[in-house]
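J.: Please find the sequence and the predicted model below.
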Amino acid sequence: MEYLKFEDLPKAVHQITEQLTRLEELVASKLSGSPAETEEQFMTVEQAAQYLHLSVQTLYGKVCRRTIPFMKRSKRLYFSRDELKSYLKDGSVLTTNDYKNAVDELPLGVGRKSGRRNNRKGI
């Protein structure tokens, strides 16, 4: 580790001040959100496939089955980044503990086994 000499302190303080000013400007620009970030972004088929880590053919299959949100304008497909994020989040699966907690919070008799092996009477 290199130590500063007393004579070098004013120069070092000046450099630190400049770096701090640049950091403050960067943080302020990120917090305010530039117009490009707040504007909705649209992707082509290739971009959406790369974003979702799918092949283009798989993405076309999902479009054909209408299982993924898309827009079509003059024979071209477009995908909203925000809608694709929601699509991914909607596919989240409960963990075993989350499922058990959800079942435990249900009122008695709802979603629990009734004690009979079959629902048919007389068995």
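T.: Arrived safely.
J.: Which pLDDT value belongs to Ala36?
T.: As summarised for this prediction, Ala36 has a pLDDT of 51.
J.: now the spatially most central residue of the chain: how far from Gln41?
T.: Centroid-nearest residue in the chain: Lys85, 5.0 Å away (criterion: CA atoms, centre = their mean). Going from Lys85 to Gln41 by CB to CB, to the nearest Å gives 11 Å. C-beta here means a position set from N, CA and C on the backbone, and glycine is covered the same way.
J.: what does Leu77 give?
T.: Computed as CB to CB, the Leu77 to Gln41 distance reads 15 Å.
J.: And Ile16, by the same measure?
T.: Ile16 sits at a distance of 37 Å from Gln41 (criterion: CB to CB).
J.: repeat for Thr21
T.: Using CB to CB, Thr21 is found at 31 Å from Gln41.
J.: tally of neighbours for the nearest residue to Met43 once chain neighbours are set aside?
T.: Counting by CB to CB, 6 or more residues apart in numbering, the nearest residue to Met43 once its immediate chain neighbours are dropped is Phe79, at 4.7 Å. Number of residues near Phe79 (other CB atoms under 10 Å) recorded here: 24.
J.: same deal with the one 3 residues further on?
T.: Counted by other CB under 10 Å, the residues lying close to Asp82 total 12.
J.: do the same with Ser80
T.: A count of nearby residues for Ser80, using other CB under 10 Å, gives 17.
J.: Look through the chain and tell me its longest helix.
T.: Ranked by number of residues, the top helix in the chain under DSSP state H is helix 9-32.
J.: From the chain's centroid, how far away is that helix?
T.: Distance of helix 9-32 from the chain centroid (CA atoms, centre = their mean, to the nearest Å) equals 31 Å.
J.: now do stretch 102-109
T.: Relative to its parent chain, stretch 102-109 has a centroid offset of 30 Å by CA atoms, centre = their mean.
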